[in-house]
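J.: From the sequence below, what's the structure:
(2 chains)
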Amino acid sequence: MGIVWTKMVVKAFYRQHAGFFLFVFLLFFGIVQPSTQLYFHYALIRGMLEAPALMFAVAVAWLLYGLRVRRFVLGVLEGPDALFLYKVNARPPAGVLREWLRVETVLFAPVLGYAGVVAGVAIAQKAQAQALGVLAYVAGLIGLEALEVCYRLRYPGISAKAGRLRLRYRSVPYWSILLRFLLAENKGVLAAVKLFSCAILYLLLRLQTPGDYDLRMPFLVYSLALFGHGILFYRCRQLETMRLYFYRGLPVPVFRRLAQYALFCLLLLLPETLLLAGLTPHPVRLADALIFGGMGYGLLLLLNSLWVIWPLSAADYLKLCLVLFGILYVFVLKVWG
Amino acid sequence: MLEFRQVEKRFDDRLIVSIPDQTLDSGIYWLQGANGTGKTTLLRMIAGILPFRGDILLQGCSQRNNPVDYRRIVGWADAEPLYPGFLTGDDLLNFYGGILRPEPRQIAGLTQHFGVRGWLNTRVATWSSGMTKKFALLLAFLGRPALVTLDEPLITLDEPGLTGLTALIREYHREYGTGFLLSSHQPVPAEAFPAVRPLTFEDHSIKVEMNVVLN
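T.: Residues are numbered from 1 along each chain as shown, chains lettered A, B, ... in the order given. So this is what the prediction gives:
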């Protein structure tokens, strides 16, 4: 069975995520001179061990990686071409678990490798407890995912039902379906987009002081993070064209249809709005916070409307986003300045 | 009852449907035509799913001028329906119910009729294609539609489902005067439908054989 897992899961995972790994590699090793690489990473790891906030951020990043792995593995196992895998139930559960621990370890190899280096530095710093904590955390992720896969292989129906997000509505408005779709089937992307957007907003606005108050660059970088929401709208659009097209045939007035999208965008922007409220009036002035909030909401509405109005391809959508960002860039630097 | 006015539909430059002016009386129609001729496209146009040139009127209500009122009186079920896998049957009924506002008695009757009550709290992702089809058919009957368009309603249904559907079509036609437009590759069971009328789809248009009744 091992060769089947390797071909269906491990190889497919690394092949599909080659671009992502290249991006991470360039991010970590391409931004500093080769001669200072070792010192840079040593300082980075020491920073992690000394600042709990940084370590927490790394733990969240590893968790997101784990969620991505989980989503990929379950996607493979639930596919129609994986139906023959029910045969695995003829084997003792302990043997299947051992095999899946091996598979998950290989899938987690990049994280495990880096965690090993972090643990090594921690041991050198006489911080054995932290080293143990880091390794236990990654081992825990691997173990949990292996256990879940084994459980799902053994009880496919039960696990799927138990694992789903239960949200109950008496009335089911359209915006709630879109939101539930993101929460149920796009957790990883949603978490990454929101985390990135909120982190950018928080970090750049915290830097503002009354003596050095210039919001142009934070505004531009934040708008870039908002453009990242395009991927969420793209996924929603795919859902609408594939599995929600019946909605077009229902007697819903245009205004009510548009209101559903407006509410959906508003709820999507809730974390950033709360964050902005927390940063007002210091370090951000109320008027500027309103501009950030209004621009954010307007941009999300625009990004969503592009899909609703035209049947765009993903490539055309990306080009259009770049043009919009260019317009925003010129506006911020020439008009706002 | 159903009136076509200069209806035309193209995909890119390819002409799919072209019906200059035609009127169909209320009844049960069986739409026939070879694969790829555009039957599904026509049914989706009538249901208000696909945009097109011209206009379609149902009981005098124009799809172009009164899109909401028009959609309120037309029901539709796809040949191979798809719904978001994370929704439950209950969610689907609540979603449709919130828009169409059917009587609770009708929902209870239809869920009983199609035998889907036990599946209301299960996710769409766990349903068989037959169960999904039953829900799609059930949703097409919700409200008080003047016309129900059913694309390949006979496929994937089990024997009780088939019998139940034909009985329901007869009942809605008799009790409420609901018209039906069915497309099917299978021979329509003549004993099941009284006065079913063949409708041929060829050369991008429909042709009614006015005096032919199948049974």
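J.: next SSE after the helix or strand where residue A:182 lies?
T.: In this structure, residue A:182 sits in helix A:174-185 according to DSSP states H and E. Using DSSP H and E, the helix or strand that follows helix A:174-185 in sequence is helix A:187-206.
J.: residues in contact with stretch A:302-312?
T.: The contact list for stretch A:302-312, computed with Cβ atoms under 8 Å, 6 or more residues apart in numbering or on different chains, reads A:226-227, A:229-230, A:233-234, A:236-237, A:261, A:264-265, A:317, A:320-321, A:324. (C-beta placed from N, C-alpha, C; glycine too.)
J.: cool, and stretch B:53-67?
T.: Contacts of stretch B:53-67 (Cβ under 8 Å, 6+ apart): A:251, B:1-9, B:19, B:45-46, B:48, B:69-71, B:73-74, B:146-147.
J.: Okay, now stretch B:16-36: how far is its last residue from its first?
T.: The straight-line separation of the ends of stretch B:16-36 (Cα to Cα, to the nearest Å) is 9 Å.
J.: what's the neighbour count on residue 144?
T.: As the question left the chain open, I've gone with chain A. 13 (other Cβ atoms under 10 Å in any protein chain shown).
J.: oops, chain B please
T.: 15.
J.: Check the one 4 residues further on too.
T.: Using other Cβ under 10 Å, residue B:148 has 25 other residues around it.
J.: what about it, which helix or strand?
T.: When elements are assigned from DSSP H and E, residue B:148 belongs to strand B:147-151.
J.: which helices and strands does that strand pack with?
T.: Secondary-structure packing of strand B:147-151 (3 or more Cβ pairs under 8 Å, 6 or more residues apart in numbering or on different chains; DSSP states H and E): helix B:39-47, strand B:74-77, helix B:129-141, strand B:179-183.
J.: which outside residues touch the following helix or strand past it?
T.: With elements assigned by DSSP H and E, the helix or strand that comes after strand B:147-151 is helix B:159-176. Residues outside helix B:159-176 that contact it (Cβ under 8 Å, 6+ apart): B:27-28, B:113-115, B:130, B:133-134, B:137, B:141, B:144, B:148, B:153-154, B:157, B:178-180, B:189, B:192-194.
J.: what about 7 Å?
T.: Contacts with helix B:159-176, where a contact means Cβ atoms under 7 Å, 6 or more residues apart in numbering or on different chains, come from B:28, B:113-115, B:130, B:134, B:137, B:141, B:144, B:153-154, B:157, B:178, B:180, B:189, B:192-194.
J.: can you check stretch A:228-243 too?
T.: Identification of contacts with stretch A:228-243 by Cβ under 7 Å, 6+ apart yields A:178, A:181-182, A:186, A:189-190, A:193, A:196-197, A:268, A:300, A:303-304, A:307, A:314, A:317, A:321, B:82-84.
J.: Go ahead and confirm residue A:111 touches residue A:63.
T.: No - contact criterion Cβ atoms under 7 Å: residue A:111 and residue A:63 do not qualify, at 9.9 Å.
J.: Between those two, which is the more surrounded one?
T.: The neighbour comparison of residue A:111 against residue A:63 (other Cβ under 10 Å) goes to residue A:111, with 20 against 14.
J.: Tell me who's in contact with the nearest residue in space to the more buried one that is not next to it in sequence.
T.: Nearest residue to residue A:111 in three dimensions, chain neighbours excluded: residue A:62, at 5.2 Å (Cβ to Cβ, 6 or more residues apart in numbering or on different chains). Taking Cβ under 7 Å, 6+ apart as the criterion, residue A:62 is in contact with A:111, A:138, A:141.
J.: Among these, which one sits closest to chain B?
T.: Chain B lies nearest to residue A:141 out of the contacts of residue A:62, by Cβ to the nearest Cβ, at 24.4 Å.
J.: How about the helix or strand where that closest one lies, which residues are buried there?
T.: Taking DSSP H and E as the criterion, residue A:141 maps to helix A:128-154. Residues of helix A:128-154 classed as buried: A:130-131, A:134-135, A:137-138, A:141-143, A:145-146, A:148-153 (neighbour count, 16 or more other Cβ atoms under 10 Å in any protein chain shown).
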